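[1] here's my sequence, what's the structure:
(2 chains)
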Amino acid sequence: AQSVTQLDSHVSVSEGTPVLLRCNYSSSYSPSLFWYVQHPNKGLQLLLKYTSAATLVKGINGFEAEFKKSETSFHLTKPSAHMSDAAEYFCVVWGVYSSASKIIFGSGTRLSIRP
Amino acid sequence: GAVVSQHPSWVICKSGTSVKIECRSLDFQATTMFWYRQFPKQSLMLMATSNEGSKATYEQGVEKDKFLINHASLTLSTLTVTSAHPEDSSFYICSASPPLAGLSDTQYFGPGTRLTVL
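    Numbers count the residues shown, from 1 in each chain, chains lettered A, B, ... in the order given. Just a heads-up that it's a prediction; the model follows:
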């Protein structure tokens, strides 16, 4: 079975400080993992994806994530937060289970940026 | 590139009526489209996978006869909420994957349709 857990429903950081959004997954097979961002009243935008290539994945807007199989984690980080990063972030796992592809969204983490 | 549109962006209807939502891939052909619903402050829940020229695959617990999906062309999928009731009020989002993308490729999301049933 597959599952994805976003450990924090809300993260608040000061502008210019690092961002860490945590995601743990469970999958019977080697999954593909994604991070999407959803700004208010806008569609979901892909930040980055892991598909069994390099374990450290760099995405747009300075975000990156590291796939750690031993920890079943795919945490999203950014060295320095910007006000425009305030949004909802979703960790997504996509894999094959029982001959069918399954896509599962995490519950989301709302990122707030303090001036 | 890879733009997905939805129409309408916002719809209000009376209980018992049907509402059709369109999802279009504007600059690529999509053999597979996905339909999600999102309740306020919650995550996206996959409702069904729409395959061009064949029947949609519904997730467990999703009523096929209530949420009719048609994927008539490589750029258009429609979701019809039949006999809508207030509990169907939600944010409906579609996504599309380009052909030959493989299971692990990216989905491109539409901006969503807010449905309110009175």
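[2] what does chain B put close to chain A?
    B:4, B:34, B:36, B:42-46, B:57, B:93, B:95, B:103-112 (C-beta under 8 Å from any C-beta of the partner chain). Every C-beta, even on glycine, is put in place using the N, C-alpha and C of the backbone.
[3] buried among these? Need that as a selection in PyMOL.
    To isolate the buried members of the residues of chain B next to chain A in PyMOL, using 16 or more other C-beta atoms under 10 Å in any protein chain shown:
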select buried, chain B and resi 4+34+36+43+44+45+46+57+93+95+103+104+106+107+108+109+110+111+112
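[4] state the mean pLDDT of stretch A:24-41.
    In this model, stretch A:24-41 has an average pLDDT of 85.
[5] show me the residues of chain B next to chain A that map onto helices.
    Among the residues of chain B next to chain A, DSSP state H puts none in helices.
[6] restricted to strands, list the residues of chain B next to chain A.
    Mapping the residues of chain B next to chain A onto strands (DSSP state E) picks out B:4, B:34, B:36, B:44-46, B:57, B:93, B:95, B:108-109.
[7] excluding residues flanking it in the chain, which one is nearest residue 30?
    As the question left the chain open, I've gone with chain A. A:Ser52 (5.8 Å; C-beta to C-beta, 6 or more residues apart in numbering or on different chains).
[8] wrong one, chain B
    Distance criterion C-beta to C-beta, 6+ apart; nearest residue to B:Ala30, sequence neighbours excluded, is B:Ala96 at 3.7 Å.
[9] please apply the same query to B:Thr75.
    Using C-beta to C-beta, 6+ apart and skipping residues adjacent in sequence, the residue nearest B:Thr75 is B:Ser25, 5.0 Å away.
[10] near chain B, which residues of chain A show up?
    Residues of chain A lying near chain B (C-beta under 8 Å from any C-beta): A:32, A:34, A:36, A:41-46, A:49, A:51-52, A:90, A:94-96, A:100-101, A:103-108.
[11] mind doing that once more with 6 Å?
    Where proximity means C-beta under 6 Å from any C-beta of the partner chain, the interface of chain A facing chain B comprises A:32, A:43-44, A:46, A:51, A:101, A:103, A:105, A:107-108.
[12] what residue in chain A comes nearest to chain B?
    Nearest residue of chain A to chain B: A:Ser32, at 3.6 Å (C-beta to the nearest C-beta).
[13] what number of residues lie near that residue?
    22 (other C-beta atoms under 10 Å in any protein chain shown).
[14] how about A:Phe67, secondary structure?
    strand (DSSP: H, G, I helix; E, B strand; the rest coil).
[15] quick check: it vs B:Arg37, distance?
    Applying C-beta to C-beta, to the nearest Å, the value for A:Phe67 to B:Arg37 is 29 Å.
[16] shaky segments in chain A?
    Counting by pLDDT under 70, chain A contains low-confidence residues at A:1, A:28, A:96-101.
[17] go again using 80 as the cut-off
    Chain A contains residues with pLDDT under 80 at A:1-2, A:27-30, A:41-42, A:51-53, A:95-102.
[18] beta partners of A:Leu44?
    A:Gln38 (DSSP bridges).
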